[in-house]
Each structure stands twice: as C-alpha cells, then as structure tokens.
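Undergrad: test case, fold it:
(one chain, ligands or ions: 1)
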Amino acid sequence: MDAFEWMSPQDIEQAARAATTTVAAAMVRDSGEPAAGDALLKAGGIDLLDLMKEGLLKPRRLIHLRNIAGLDRIEGAEGGLRIGPNVTLSQLASHAEVRMRFRALAQAAGASASPQIRHLATLGGNLLQRPRCWYLRSRAHHCTRKGGDRCFAFGGENQYHAIFDHKGCAIVHPSTCATALIAFGARLEITGPRGARRAPSVEEFLLLPEADLHRENTLEPGEIVTAIVLPAPAQATRSLHIKQCETESFDWPLADVAVVLDLESGVCRKAAVVLGAAAPAPHRARAAEAALTGKRIEEPVIRVAARAALQGAAPLAKNGYKLPIFETLLRRALLAATEG
Ligand SMILES: Cc1cc2nc3c(=O)[nH]c(=O)nc-3n(C[C@H](O)[C@H](O)[C@H](O)COP(=O)(O)OP(=O)(O)OC[C@H]3O[C@@H](n4cnc5c(N)ncnc54)[C@H](O)[C@@H]3O)c2cc1C
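TA: Reported below is the predicted structural model:
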C-alpha cells in the first residue's frame, strides 16, 4: 500500500470541500493501474483500506470522518429514528429502541461480519462499501464496473452473483443493512460541497446497472451522508431479517431477506419484502408484498407469497441454487415475524 496523507476535519463543510471524488469514480480507469492523487472519505476504513491494499485505489489523502461531532448519535425524529452515519454496526445491533421498534435492522447489523469488525464498521460505510464481486476486486480483470467492456461473471464463476436485474453487470449489493433499511422505507440526508442538501430514500439512492454501470449509488464527489432516517413504523409493525451464509461463520450472505409487516388482528395492512444478495441493489419483491396485503398471514398465504417473490428471477449458470434458499428464508421470516 502506498503512503497517503491523513486529514481529520472537524466539520462536514470542511470534509465535503476536501473530497475530490468518490471511491466508485476513483476505480474507473481506461486500463491497468488506478489513477493516483484523489482525496477520499473514510469512516471505519474497513472497505476503503481493503481496496487500497488490493491495489485498486491509490489515494493521495484520506479524509477521516470519525472526529466530526454529532455523526455518531441515534436520536428520535418525528416518531422514527435519525441515525448518524458513524454509528457502528455493534451500536446499532445493541440499541434498545432499534431492537424493539426496528428489529430487522438490529438483526441485519448484528448478523454482518464479525464482532471485531462490527465495532469499527459504520452504518454509512456499510451502505457505501463496494461489491464483493471477485472480478471487480481483481486487478487482472478490467470489468465493466471499472470502465472495461465486459462483465466476466456472465461466462465465469457466477455462483455468488445476481439472479435479478443483472443487465450489463451481475454484482450483488454487499450491504446487509441496506436490505432492512429499504424494508423500513429509510431515507438519507446528504450534504454537498456548497452546503446543498438532498434526502433520497435508500431505495432511490441505490442504482441498478441499467442506470449506471460504474457505481452502486447516486453519491457525487464532495457529498457526505449525514444521517439515515427511519420513519415512524405503524403501531402493530412486525419485522424480521434472516441471513443465510455458506458456512456458519462471519461472511457476506448467499441470500438474506427482510420483511416488515403492518398487522391488525393477524391481517396484513401493508407489507415490505426485500431480498438481499439477489441483485445489484436490494430487490423489492413487490409481487410477494401484493400477495400478503389484505390477507391473514397463515401458511398457505405465506407459501404463495414466498413463491411470488421469485417472479422475474433469471439465475445465471451457477447460482440457480439461490431460488429455493430465498423461498425458504422468506417462508421462515414471514412465519417468525407473525409469531412475534
Ligand atoms: C470478514 C468480513 C465480513 C463482512 N461481512 C459483512 C456482511 O455480512 N454484511 C455486510 O453488509 N457487510 C459485511 N462486511 C463489510 C463491512 O460491514 C463494511 O466493510 C463496513 O461496514 C464498512 O464500513 P466502514 O465504516 O469501515 O467504511 P469505510 O471503509 O470507511 O468506507 C466505505 C465507503 O463509504 C464511504 N463513506 C463512509 N462514510 C461516508 C459518509 N458519511 N458519507 C459519504 N461516504 C462515506 C467511503 O468513502 C467508502 O467509499 C464484512 C467485512 C469483512 C471484512
């Protein structure tokens, strides 16, 4: 890893002015080596330093965000919660109100990585980490996401890749927390270099390859995520997140699901069903949501919904095994959520 400068700004404006580009933009190149000289944002540094050690990034300067006051708080906001981007996954997983009212998010954070990593990894960094695709992370493969002309996964080792929405690139989105955040209808607060603010939903923020082949989200150079906002859930909301790994160990999931159900006397008024590790952005299973809405959540309805969640799936040569895993996870999640 090459030498780099360290900058520790005290406020958001200073950090935003200093960031010359985003990590995704810094990884796009004509061929060969990544360009040197960028100034990049760093939170816990787990993904960023991995990319530097792998020789995929050569920044001149890292902008350490963790000394900016106020970005590490969880506070109430209009009946919901406002979570600072520097809140760690372990803080999120153990926070009493998150566990009680946003259970699927606490479960997703608590199931990500290992205890040591969760103590350092932030929610902002988790959402913005780059995909685990081994072609993206290989210096020997100049793939479409880095400015090349092909996605090597289509004719290659695609067992961990997408089964939905993989037009042009078959990554799966790496953030387990994003699966739950989308199910809860979370929004982001983003501040730009000249103080400009915007507040996209997480669903709007995350992009499919058909919208942009080179990045997973709409973050622009100099923009900083300053909060993740969870709207107030309905009184009788039940939620659950389940992650399935290849082995019983810390790792990214083969498949994960988040369900958020607004129930009244066992009848579903509103449902959100999201599949993670299924597509380049967490996949909203709208046919499953429709199959649940207005129904009493019992075994036959659950079975229909779990099958409906796979509508439109187009598995690649080596990842068809994900279909029964998603169906089973979803049945389990719906049963467990309704049982409380
Ligand atoms: C062994 C292992 C297992 C793992 N398992 C999982 C798993 O199961 N599920 C999962 O989701 N993740 C998993 N991870 C990934 C880990 O959760 C992420 O790498 C971590 O959350 C990144 O957070 P960070 O604070 O270290 O981010 P950093 O590495 O500091 O930053 C990541 C990206 O976010 C940008 N960034 C950070 N904060 C901001 C901000 N406020 N505004 C704008 N940009 C920002 C940075 O510029 C960078 O592009 C695993 C990691 C390891 C090593």
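Undergrad: so where do the strands sit in the stretch 151-300 of the chain?
TA: 187-191, 197-198, 224-230, 237-244, 255-264, 267-276, 283-284 (DSSP state E, counting those that start in this stretch).
Undergrad: what's the burial count for residue 283?
TA: Look at residue 283: counted by other Cβ atoms under 10 Å, it has 28 neighbours. All C-beta atoms are positioned from the backbone trio N, CA, C, and that covers glycine.
Undergrad: look up how far residue 196 lies from the residue nearest to it when sequence neighbours are not counted.
TA: In space, and not counting its chain neighbours, residue 283 is closest to residue 275: 4.4 Å by Cβ to Cβ, 6 or more residues apart in numbering. Distance, residue 275 to residue 196, by Cβ to Cβ, to the nearest Å: 33 Å.
Undergrad: the more surrounded of the two?
TA: residue 275 (26 against 12).
Undergrad: does that one touch residue 253 like I think?
TA: No: in this structure residue 275 lies outside contact range of residue 253 using Cβ atoms under 8 Å: 10.4 Å.
Undergrad: from the ligand, how far out is residue 335?
TA: Separation of residue 335 from the ligand (Cβ to the nearest ligand atom, to the nearest Å): 23 Å.
Undergrad: if we can go back for a sec, among the strands of the stretch 151-300 of the chain, which comes closest to the ligand?
TA: strand 224-230 (3.8 Å; Cβ to the nearest ligand atom).
Undergrad: and the angle from the closest one to strand 187-191?
TA: Angle, strand 224-230 to strand 187-191, by axes from the mean of the first three to the mean of the last three Cα atoms, to 10 degrees: 160 degrees.
Undergrad: for strand 224-230, give the mean pLDDT please.
TA: Strand 224-230 shows a mean pLDDT of 98.
Undergrad: quick one: stretch 52-71 near the ligand?
TA: Yes: Stretch 52-71 reaches the ligand (Cβ under 6 Å from any ligand atom) through residue 65.
Undergrad: scratch that, stretch 183-190 is what I was asking about
TA: No: using Cβ under 6 Å from any ligand atom, stretch 183-190 never reaches the ligand; the gap is at least 7.7 Å.
Undergrad: what's the distance between the residue of the chain found nearest the ligand and residue 41?
TA: Using Cβ to the nearest ligand atom, the closest approach of the chain to the ligand is made by residue 125 at 2.0 Å. Counting by Cβ to Cβ, the gap from residue 125 to residue 41 is 9 Å.
Undergrad: kindly report the same for residue 296.
TA: Taking Cβ to Cβ, one finds residue 296 at 47 Å from residue 41.
Undergrad: can you check residue 262 too?
TA: As judged by Cβ to Cβ, residue 262 and residue 41 stand 36 Å apart.
Undergrad: of those two, which one has the most company?
TA: More crowded of residue 262 and residue 41, by other Cβ under 10 Å: residue 41, with 27 against 18.
Undergrad: secondary structure element holding that one?
TA: Residue 41 is located in strand 39-42, with elements delineated by DSSP states H and E.
Undergrad: just how off-centre is the host helix or strand of residue 116 within its chain?
TA: Taking DSSP H and E as the criterion, residue 116 maps to helix 115-120. Helix 115-120 sits 17 Å away from the centroid of its parent chain (Cα atoms, centre = their mean, to the nearest Å).
Undergrad: now swap in stretch 81-89 and tell me
TA: Distance, centroid of stretch 81-89 to centroid of chain: 14 Å (Cα atoms, centre = their mean).
Undergrad: which parts of the stretch 151-300 of the chain sit against the ligand?
TA: 174, 175, 176, 177, 224, 225, 250, 251, 252, 253.
Undergrad: which residues touch the last one?
TA: Looking back up the chat, that one is residue 253. Listed by Cβ atoms under 8 Å, 6 or more residues apart in numbering, the contact set of residue 253 reads 111, 176, 243, 244, 245, 276, 277.
Undergrad: and it, how far is that from residue 276?
TA: Residue 253 is 6 Å from residue 276, by Cβ to Cβ.
Undergrad: what sits in contact with each of the two?
TA: With Cβ under 8 Å, 6+ apart as the test, residue 253 and residue 276 both reach 176, 243.
Undergrad: in the chain, where is pLDDT below threshold?
TA: 32, 340 (pLDDT under 70).
Undergrad: which phi and psi does the residue of it positioned farthest from its centre have?
TA: Largest separation from the mean C-alpha position in the chain: residue 265, at 32.4 Å (Cα atoms, centre = their mean). Residue 265 adopts backbone torsions of phi 50, psi 40, taken as degrees, to the nearest 10.
Undergrad: lovely, talk soon.
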